[in-house]
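Chemist: here is a sequence with its predicted model. Questions after.
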Amino acid sequence: MQGLTAEQKARVEKILSQMTLEEKIGQMNQVSPSIVGGFDVPFEELIEMMTDGRISKEEFGRIMSTATQDFHEEEIRRGEVGSLMVQDPVKVNELQKIAVEESRLGIPLIFGLDVIHGFRSVYPIAIAEAGSFDTELMEKTAAMAAKESRASGVAWHFAPMVDVARDARWGRVSEGPGEDPYLGSRFAEAKIRGLQDDHSTTENYVAACLKHYAAYGACESGRDYNTVGMAMNVFYNNYLKTFEAGVKAGAQTVMAAFNDLNGVPCTVNKFLLRDILKDSLGFPGFVVSDANAIRECVVHGIAEDDKDAGVKAAIAGMDMDMGTGIYHDHLVEAVKSGKVSLEVIDEAARRILSVKMWLGLFDHPYVSEEAMKRYEVLPEEHTSLAQEAAEKSIVLLKNEDNVLPLSKDAKISLVGSLADSREEIIGAWAMSWQEKDCVSIREGMEAEFKNVRYFACGGPEGDLNMNEIIAAGDYADVIVAVCGETVAMSGEASSRASITLPGRQKELLEMLMQTGKPVVLVLMNGRPLALEWENSYVPTIVEAWHLGIRMGNAVARVLSGEVNPEGRLSSSFPAVTGQCPVYYNHPNTGRPGSKSKFTSRYLDAPLDSLYPFGYGLSYTHYSYDNLQVKEAAGALEISVDVKNDGEAAGRETVQLYMQDVAASLVRPVKELKGFEKVALNPGEKKTVHFTLAKQDMGFYDNDRNYLLEDGLFRIYAGGNSREVLMQEVQVSFA
Ligand code: BGC
């Protein structure tokens with residue numbers, strides 16, 4: 001992480017001293033290109049028409065291509081815009097030229113975009129990539145996205161999304177690193193390093209944006225945008241953790257969440273934005289609202305009108321308004337009438353200018369001709385990194401009869417419409433990919449195996465084709481059925497009340513099983529699914545998520561055994577939807593679920609998740625032994641032996657958990673405290689060492705005091721959060 005030099009700080013102050021109130025507020029205004037014409041209905045209705053199916057996506061695209069857009073050139077010229085969402089480098093340069101050469105002070109614009117899991121080279125969705133447990137990989141993919149987007153003029157990513165999320169009904173679990181604050185924090189740090197830390201040229205880094213601050217992942221019942229109520233100790237020990245880690249790693253910006261936290265929408269939440277983020281954590285960058293969120297404070301019932309919402313947001317510490325124009329329209333008057341102080345405006349403008357300075361935009365505002373051409377053809381380095389990330393994110397859930405890996409000569413019936421799509425491999429929130437760079441599962445399988453025949457048979461939507469199902473059975477030595485969710489079924493505004501396989505895919509699997517041929521189920525989805533039936537009846541299951549442009553190759557190479565699967569689950573999978581939220585690190589109860597009736601359980605669902613956090617199989621087997629825990633000065637020194645008992649070389653993720661057995665607040669039954677990936681050849685054994693700093697063994701109370709309490713701790717190590725070795729140890733923090 002690198003901050004501003006004294007000289008850069010002085011430059012910011014000098015510019016600030018020359019700015020009018022209107023220009024300062026201009027910096028606080030982010031706009032998107034507005035659609036101003038070209039069709040007969042309002043733009044919002046057009047979006048609704050596409051969403052509810054009145055017009056197809058293709059028709060929408062065709063209409064949009066005829067639309068006229070307003071890029072707010074006049075406002076830019078007047079210094080009334082600080083940021084825009086645009087990704088076309090030619091347009092970026094055109095608008096930047098107006099800002100730099102035609103506005104009074106020549107302050108450059110900052111162009112931001114949702115680059116959540118890749119720009120041109122789309123890599124796995126975050127919930128999948130986090131399951132690689134490979135922080136070096138996470139950093140490298142972020143660095144790749146930074147370079148690619150900066151070559152298009154996008155210097156600010158609305159990423160990483162670091163919301164801890166434990167309810168798989170929420171569609172946005174796809175965008176974040178899963179249910180665990182420790183893994184999520186390591187993910188946050190790796191992403192910040194990758195996006196921000198290579199300053200060898202201004203073309204190699206962007207400003208990151210930690211989002212959505214805060215606790216958005218805990219929206220009630222997994223329904224998007226819903227209310228969040230939680231005890232503050234739960235907030236501090238879980239949901240705040242990933243943001244804390246990201247801020248420490250140097251994140252330049254933060255986006256506030258849509259939801260309220262205990263009654264106060266994050267957009268106007270002074271406690272969150274000022275007291276915690278800026279004052280206590282010392283966050284030096286700027287905070288942007290989520291899209292239209294300032295206006296939504298009126299509907300939320302916390303502000304009387306737009307102006308009131310703008311005043312409340314500014315006072316709370318919201319530096320930039322995404323998309324409403326409320327700051328632009330109302331803050332000048334609010335300052336003049338004394339409702340908002342000039343210090344508030346100065347602070348926001350200073351923070352925004354500082355990030356622009358840090359990005360080098362004052363000296364290098366434009367995208368060069370050379371940069372624009374750089375990724376016309378994706379470099380091999382990028383596509384192979386996207387593929388490596390995809391391969392490392394695949395989780396083998398079940399391989400009962402060792403059907404996998406498949407022989408390259410096997411006659412494979414590849415089934416399911418998802419298998420034949422380049423669009424559906426990409427995942428939610430990717431907008432800069434090109435179809436020519438994508439490899440569908442069908443294409444990947446045909447390249448990897450000699451005898452592959454594709455039979456659509458059915459998919460997440462629509463009917464089943466009986467003739468194709470019969471033909472698939474007739475041809476096959478083995479059936480590979482690709483089932484799951486379309487991209488549109490996860491991501492923002494895509495909560496689901498039932499998270500089983502959508503449509504008629506269960507029937508499809510039943511019919512395929514009836515052919516008597518072995519069935520390998522390859523899942524393509526954006527959230528944990530409830531797979532009780534599939535786990536009971538389908539012998540082989542591979543979780544392949546939405547893996548990005550090289551998904552086809554990655555899946556094929558795992559199925560053929562060229563790649564030994566090593567991904568682990570970053571989120572627990574429920575058996576049935578009604579168990580949601582289900583997560584391994586839940587607080588204990590006085591009556592933990594058991595066989596007896598009066599315990600914390602459902603009458604009609606299993607006690608625990610179907611597949612726990614950290615779980616994943618491979619084509620070999622690892623055994624654990626000899627867990628040792630020794631108390632040293634300021635830390636516990638822990639070691640465990642892990643051995644590859646099988647016949648394939650592989651990489652195991654050794655996981656370290658802890659439980660504070662008795663404390664002044666109820667603590668989780670287990671908490672991840674470390675992990676390490678180890679490569680092991682067949683028969684090889686290694687001893688893995690962890691140092692658990694005592695400082696990291698405490699927890700926050702409801703007033704955010706960090707407590708280290710002497711007493712009994714349990715230390716666990718193993719290959720997932722359920723199957724672990726355990727040692728007890730008395731710890732004193734004196
Ligand atoms: C999402 C954000 C996103 C923003 C800008 C919002 O709807 O919640 O995650 O960054 O739009 O596209």
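Modeler: Thanks, I have it. Numbers count the residues shown, from 1 in each chain.
Chemist: how close does the residue lying closest to C483 once chain neighbours are set aside get to the ligand?
Modeler: Nearest residue to C483, sequence neighbours excluded (Cβ to Cβ, 6 or more residues apart in numbering): Q505, at 4.4 Å. Where C-beta positions appear, they are placed from N, C-alpha and C, glycine not excepted. Using Cβ to the nearest ligand atom, to the nearest Å, we find Q505 at a distance of 29 Å from the ligand.
Chemist: give the contact list for Q505.
Modeler: If a contact means Cβ atoms under 8 Å, 6 or more residues apart in numbering, then Q505 has G416, G458, G459, P460, C483, G484 as its contacts.
Chemist: dihedrals phi and psi, it?
Modeler: Phi and psi for Q505, reported as degrees, to the nearest 10, are phi -70, psi -30.
Chemist: could you list the low-confidence segments of the stretch 351-500 of the chain?
Modeler: Judged against pLDDT under 70, the stretch 351-500 of the chain has no low-scoring part.
Chemist: all strands of it, in order?
Modeler: With DSSP state E, counting those that start in this stretch as the criterion, the stretch 351-500 of the chain has strands at 395-399, 411-415, 451-455, 478-484.
Chemist: would you turn those into JSON lines with distance to the ligand and mean neighbour count?
Modeler: Below are the strands of the stretch 351-500 of the chain laid out as JSON lines (distance: least, Cβ to the nearest ligand atom, whole Å; neighbours: other Cβ atoms under 10 Å):
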{"stretch": "strand 395-399", "distance to the ligand": "25", "mean neighbour count": "21"}
{"stretch": "strand 411-415", "distance to the ligand": "35", "mean neighbour count": "26"}
{"stretch": "strand 451-455", "distance to the ligand": "35", "mean neighbour count": "20"}
{"stretch": "strand 478-484", "distance to the ligand": "23", "mean neighbour count": "27"}
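Chemist: closest to S289 out of the ones you listed?
Modeler: Nearest to S289, of all the strands of the stretch 351-500 of the chain, is strand 478-484, at 33.4 Å by Cβ to Cβ.
Chemist: how far off strand 411-415 does the closest one point, in degrees?
Modeler: 20 degrees (axes from the mean of the first three to the mean of the last three Cα atoms, to 10 degrees).
Chemist: list the strands paired with strand 478-484, with their directions.
Modeler: strand 411-415 (parallel), strand 519-524 (parallel) (DSSP bridges).
Chemist: nearest to A493 among the ones you listed would be which one?
Modeler: Nearest to A493, of these and by Cβ to Cβ, is strand 519-524 at 20.1 Å.
Chemist: alpha carbons of the helix or strand that that closest one is followed by, as CSV, please.
Modeler: Downstream of strand 519-524, the next assigned helix or strand under DSSP states H and E is helix 532-537. Extracted in CSV, the C-alpha atoms of helix 532-537 (Å, rounded to 0.1, in the frame of the first residue of the first chain):
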residue,chain,number,x,y,z
GLU,A,532,-30.3,-33.5,-0.5
TRP,A,533,-31.9,-35.5,-3.2
GLU,A,534,-28.9,-35.3,-5.6
ASN,A,535,-26.5,-36.3,-2.8
SER,A,536,-28.7,-39.3,-2.0
TYR,A,537,-29.1,-40.6,-5.5
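Chemist: which residues are in contact with K307?
Modeler: I326, D329, H330, E333, A334.
Chemist: what do you get if the cut-off is 6 Å, keeping everything else the same?
Modeler: H330 (Cβ atoms under 6 Å, 6 or more residues apart in numbering).
Chemist: the protein against the ligand: which residues are in contact?
Modeler: D114, F158, K211, D290, A291, E492 (Cβ under 6 Å from any ligand atom).
Chemist: what kind of secondary structure is the closest residue to the fourth one other than its chain neighbours in?
Modeler: Spatially, and ignoring its direct neighbours in sequence, D290 is nearest to F258 (5.2 Å; Cβ to Cβ, 6+ apart). When states are read from DSSP: H, G, I helix; E, B strand; the rest coil, the local structure at F258 comes out as coil.
Chemist: many thanks, have a good one.
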